[in-house]
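Enquirer: Provided below for reference: sequence and predicted model.
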Amino acid sequence: MEYNIKLILNPKLYLKDPEKSELGRNIIKYSIEIIDKIGYEQLTFKKLAKEINSTEASIYRYFENKHKLLIYVMDLYWGHICFQVISGIKNIENPKEQIHKIVDLLIWVEHQELYLGDINQKKIHNIAIAESSKTYLSKEVDELNKDMLFKPYKDLCKVIEDVFTAYNPSYKYPKSLASTLIETSHFQYHFMQHLPNLCDFSATKDLSKLEEYLNDLIFGALDYKRD
């Protein structure tokens, strides 16, 4: 089943809601294309303006800087993944099987049964792997967090945390394990592709091995001294 949902993102992310105009939607669509192709660091509003046949000034009417634009893109992604996880586990009663489903959804993009409009789903997934940590690894993180700009990511972590707690109520670190799962799934995928000495499955680039590792990591923690 394919889902098509509309997310309401934090208005503090933008100066003008990009969802309410064709230009705004193109800013989001083509910023994803550019970031996936050349990376966040190389993105400029000048390049983006050229891509959408507009002006830098027009983009600045929507976003005050490219960091806010990146957070917007990632909030869009995390919101969709959170919805997908909630939908994916709602008919699964066993918390262990819920955990397996969550891992599956995090690393197998083709299993993420979400319709993102005209946004390329694979490309925004690539950006999440390569660039998402840059949203909060910044000097402005406390101010951005105060404005609740990371809420979709936190919401996803909370869903995963609750499943971990359901599986083992005595486990003391469900929040840390939830965020570790997400970040490790990204880092190990990136290492598998680009830094092979930092992972154990780079020779085959087999995602099933990454999935196996993540499950070992999670249950190795959750089952330790389980009541």
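Expert: Thanks, I have it. Numbers count the residues shown, from 1 in each chain.
Enquirer: hang on, isn't residue 80 packed against residue 73?
Expert: No. Residue 80 is beyond contact range of residue 73, at 11.2 Å (criterion: Cβ atoms under 8 Å). Heads up, the C-betas are built off the backbone N, CA and C, glycines and all.
Enquirer: send me the top helix by length along the chain as CSV with only the CA atoms.
Expert: Identified as the longest helix of the chain according to DSSP state H is helix 66-89. Only the C-alpha atoms of helix 66-89 are listed here, as CSV (Å, rounded to 0.1, in the frame of the first residue of the first chain):
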residue,chain,number,x,y,z
LYS,A,66,20.8,27.0,3.5
HIS,A,67,21.0,25.5,6.9
LYS,A,68,17.3,26.2,7.6
LEU,A,69,16.6,24.7,4.1
LEU,A,70,18.5,21.5,5.0
ILE,A,71,16.6,21.2,8.3
TYR,A,72,13.4,21.6,6.3
VAL,A,73,14.3,18.9,3.9
MET,A,74,15.3,16.6,6.8
ASP,A,75,12.2,17.3,8.8
LEU,A,76,10.2,16.4,5.8
TYR,A,77,12.1,13.1,5.5
TRP,A,78,11.9,12.3,9.3
GLY,A,79,8.2,13.1,9.4
HIS,A,80,7.5,10.6,6.6
ILE,A,81,9.7,7.9,8.1
CYS,A,82,8.0,8.4,11.5
PHE,A,83,4.6,8.0,9.8
GLN,A,84,5.9,4.9,8.0
VAL,A,85,7.2,3.3,11.2
ILE,A,86,4.0,4.0,13.0
SER,A,87,2.0,2.5,10.2
GLY,A,88,4.3,-0.4,9.7
ILE,A,89,4.2,-1.6,13.3
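Enquirer: and that helix, what does it pack against?
Expert: Where contact means 3 or more Cβ pairs under 8 Å, 6 or more residues apart in numbering; DSSP states H and E, helix 66-89 is packed against strand 3-4, helix 22-38, helix 95-107, strand 114-115, helix 121-131, helix 151-167.
Enquirer: tell me which of those lies nearest to residue 197.
Expert: Residue 197 lies closest to helix 121-131 among the helices and strands packed on helix 66-89, at 18.5 Å (Cβ to Cβ).
Enquirer: in the closest one, what counts as buried?
Expert: Across helix 121-131, burial judged by 16 or more other Cβ atoms under 10 Å covers 121, 123, 124, 125, 126, 127, 128, 129, 130, 131.
Enquirer: stretch 134-147 now?
Expert: The neighbour-count check on stretch 134-147 (16+ other Cβ under 10 Å) flags 135, 136, 144 as buried.
Enquirer: okay, the last one: pLDDT?
Expert: Okay, so that is residue 144. Residue 144 is assigned a predicted lDDT (pLDDT) of 97.
Enquirer: surely it touches residue 71?
Expert: Yes. Residue 144 is in contact with residue 71 according to Cβ under 8 Å; the separation is 7.1 Å.
Enquirer: name the residues contacting each of the two.
Expert: 135, 150 (Cβ atoms under 8 Å, 6 or more residues apart in numbering).
Enquirer: before we move on, back to that, identify, from the buried residues of helix 121-131, the entry nearest to residue 154.
Expert: residue 128 (15.1 Å).
Enquirer: can you state the direction angle for the strand or helix carrying residue 179 and helix 151-167?
Expert: Here residue 179, judged by DSSP states H and E, is contained in helix 174-194. Computed by axes from the mean of the first three to the mean of the last three Cα atoms, to 10 degrees, the angle separating helix 174-194 from helix 151-167 equals 110 degrees.
Enquirer: from residue 91, how far out is residue 162?
Expert: Distance of residue 162 to residue 91, given as Cβ to Cβ, to the nearest Å: 16 Å.
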